[in-house]
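below are the sequence and a predicted model; questions follow.
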Amino acid sequence: MVHVYDGSGLGWNGMHGLHLTADLYGCQCDSALLTEASRLERLCREAVEAAALTIVDEKFFTFPDYQGEPGGVTGAVLLAESHLALHTWPERNGVTLDVYVCNFSTDNSPKAEKLLADLIAAFAPRQQDTHRILRGVEDAASPSGEAGQEAAQGELLLEWLNADSAYGFRASRRLEAVRTPFQTIEVFDTPQWGRMFRLDGCNMTSERDEFFYHEAITHPAAIAHPKPVSALVIGGGDGGSSEELLKHPTIERVVMAELDAEVVRVAREHLGAVHRGVFDDPRLEIRIGDGWALVDAMASDPSERFDLIVLDLTDPDTPAHRLYTADFFRMLKRVANPGAAVMLHVGSPVYKPEAVGRLLAALASTFAIVRPLGLYIPLYGSYWGMCCASDTLDPLALEPRAAEKRLQERAIRDLRYYNGDIHRALFALPNFYRELVPGRATDRPLPTLVRAAR
């Protein structure tokens with residue numbers, strides 16, 4: 001191949017780089033992406049620019065129809081860092097992708113990974129086969145080298161925690177991939193976590209680790225409330241949070257407001273170990289639609305009031321960002337009963353501390369009591385932040401023994417993470433997380449913000 005210099009004075013050491021390939025089958029994208037050179041060119045240009053790579057030149061060509069079938073497209077994008085090449089096979093709804101970047105003057109691997117991931121998401125394949133080859137490494141292509149090991153063990157699924165850090169697992173096979181008007185939904189079988197659910201390339205939940213997240217985002221508020229009767233879950237289409245809430249025998253009604261009906265369908269079909277049949281529980285009511293609009297409509301109906309509200313959303317830096325604002329928090333207060341509490345996750349204080357700080361500040365501007373909490377979530381590869389917010393309910397007022405007693409009184413026994421001691425421990429924050437809490441006095445023993453009720 002012809003190597004393209006990136007202006008860094010590459011010599012023989014410039015051979016070192018990352019070569020990514022992907023074969024995509026059963027692509028569910030708009031068929032024009034497989035047959036129209038202009039559409040494919042625009043997609044590739046946008047993906048390259050989003051990955052912060054540098055276009056030098058590009059060429060796309062649509063082949064003529066053959067025996068009544070539309071011709072495919074071959075395209076190449078010449079990059080200062082190396083190249084992107086792809087070929088479409090419309091008769092098979094297939095695509096082959098090839099991304100290569102040089103890593104001599106700087107490590108371009110994260111950019112290459114993002115470019116490949118964004119293109120795969122755009123084509124929404126039902127199946128894919130990806131390979132990562134370290135170029136310029138003597139054993140990179142040998143059976144005992146990295147590429148040979150990956151081919152034997154399956155596809156590597158990476159999630160970028162920020163611009164400089166990634167985390168991932170191997171998948172043995174893809175069970176489903178769906179591109180909806182809102183997002184790309186994927187379910188994989190994995191050796192580590194069983195079935196794993198992803199949205200837009202981000203790990204959401206898995207069969208074997210879901211209890212870390214779902215128990216922590218529901219029970220601290222639910223057990224602190226003396227008698228929760230109704231709950232609202234915004235998001236949470238996998239059913240995990242609703243299932244945890246309905247373990248409390250006093251709860252008579254849970255409304256789950258999920259944006260994307262396909263999330264619920266996919267969860268029903270593939271994630272039984274997460275929702276445990278909650279979709280068939282008569283106490284659960286599913287409403288499909290935008291969370292903002294649904295809560296706004298509820299606010300004018302006095303019958304729509306809740307003791308617990310759980311924001312089980314995608315991350316704050318996704319299209320769900322509007323539901324992480326002070327405006328939305330104020331709206332939630334209009335559908336909250338006296339003594340109600342809101343639980344939500346706030347992201348990783350390790351990888352996105354500034355975003356966590358901004359979100360805690362928005363909560364503190366709205367609620368009288370703001371109690372951040374945190375735990376390590378294996379699927380997310382990080383210590384993760386959550387928060388309980390209320391005007392009157394303080395989860396830290398409940399001592400560990402009292403929390404354990406309530407669990408026993410409510411006959412809640414099938415928990416794998418949460419217990420009375422964990423209830424208090426969740427709120428014991430490390431110092432770096434304490435520093436993100438707005439208005440915290442330096443001599444305050446609790447890593448939280450509690451303001452006087454207005």
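Good, I have the coordinates.

and for residue 169, the neighbour number?
Residue 169 sits with 21 neighbouring residues when counted by other CB atoms under 10 Å. Any C-beta I mention is one placed from the backbone N, CA and C, and that applies to glycine too.

now for the chain, the helix or strand with the poorest mean pLDDT.
helix 146-153 (a mean of 43; mean pLDDT, DSSP states H and E).

state the mean pLDDT of the next helix or strand after that helix.
Following helix 146-153 in sequence order, the next helix or strand is strand 155-162 (DSSP states H and E). Taken as a whole, strand 155-162 has a mean pLDDT of 82.

over to stretch 98-105?
Rounded mean pLDDT across stretch 98-105 is 85.

buried residues in whatever helix or strand residue 407 lives in?
With elements taken from DSSP H and E, the one containing residue 407 is helix 400-409. Residues of helix 400-409 classed as buried under the neighbour-count rule (16 or more other CB atoms under 10 Å) are 403, 404, 406, 407.

could those go into JSON lines alongside pLDDT?
Below are those laid out as JSON lines (pLDDT from 0 to 100):
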{"residue": "403", "pLDDT": "98"}
{"residue": "404", "pLDDT": "98"}
{"residue": "406", "pLDDT": "98"}
{"residue": "407", "pLDDT": "98"}
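
from those, pick the one nearest residue 193.
Of all the buried residues of helix 400-409, residue 407 has the smallest distance to residue 193: 26.4 Å, by CB to CB.

who touches that closest one in this structure?
Applying CB atoms under 8 Å, 6 or more residues apart in numbering to residue 407 gives the contacts 223, 413, 415, 419, 420.

ok, residue 385 next?
Here residue 385 is in contact with 345, 346, 347, 348, 349, 356, 372, 373, 374, 433 (criterion: CB under 8 Å, 6+ apart).

show me those that map onto strands.
345, 346, 347, 372, 373, 374 (DSSP state E).

shouldn't the last one be in contact with residue 386?
The reference is to residue 374. Yes. Between residue 374 and residue 386 there is a contact at 6.8 Å, judged by CB atoms under 8 Å.

what touches both of those two?
Common contact partners of residue 374 and residue 386 (CB under 8 Å, 6+ apart): residue 426.

okay, the two: which has more neighbours?
Shown here are residue 374 and residue 386; by other CB under 10 Å, residue 374 has more neighbours (26 against 22).

pLDDT at that one, what is it?
So, for residue 374, pLDDT stands at 98.

can you show me the CA trace of stretch 96-113 as PDB?
Presented in PDB, the C-alpha positions along stretch 96-113 are these (Å, rounded to 0.1, in the frame of the first residue of the first chain):
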ATOM      1  CA  THR A  96     -16.900  -4.100   4.400                       C
ATOM      2  CA  LEU A  97     -14.900  -1.400   6.200                       C
ATOM      3  CA  ASP A  98     -11.200  -0.800   6.500                       C
ATOM      4  CA  VAL A  99      -9.600   1.900   8.700                       C
ATOM      5  CA  TYR A 100      -5.900   2.300   9.200                       C
ATOM      6  CA  VAL A 101      -4.100   5.000  11.100                       C
ATOM      7  CA  CYS A 102      -0.400   5.600  11.800                       C
ATOM      8  CA  ASN A 103       0.700   6.100  15.400                       C
ATOM      9  CA  PHE A 104       4.200   7.500  14.900                       C
ATOM     10  CA  SER A 105       3.800  11.200  16.000                       C
ATOM     11  CA  THR A 106       0.700  10.700  18.100                       C
ATOM     12  CA  ASP A 107      -1.600   7.800  19.100                       C
ATOM     13  CA  ASN A 108      -4.500   8.000  16.700                       C
ATOM     14  CA  SER A 109      -6.000   4.700  17.800                       C
ATOM     15  CA  PRO A 110      -8.900   6.300  19.700                       C
ATOM     16  CA  LYS A 111      -9.800   8.300  16.600                       C
ATOM     17  CA  ALA A 112      -9.800   5.200  14.500                       C
ATOM     18  CA  GLU A 113     -11.900   3.300  17.000                       C
END
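
show me what counts as buried in that stretch.
For stretch 96-113, a neighbour-count test (16+ other CB under 10 Å) marks 96-97, 99-104, 108-113 as buried.

how about the contacts made by residue 329?
Counting by CB under 8 Å, 6+ apart, residue 329 has contacts 342, 362, 363, 366, 367, 389.

buried residues, the host helix or strand of the first one. List them.
Looking back up the chat, that one is residue 342. Using DSSP H and E, residue 342 sits in strand 336-347. Residues 336, 340, 341, 342, 343, 344, 345, 346, 347 are the ones in strand 336-347 that count as buried (16+ other CB under 10 Å).

pretty sure the fifth one sits against residue 217.
Yes. Under the criterion of CB under 8 Å, residue 343 is in contact with residue 217, at a separation of 5.3 Å.
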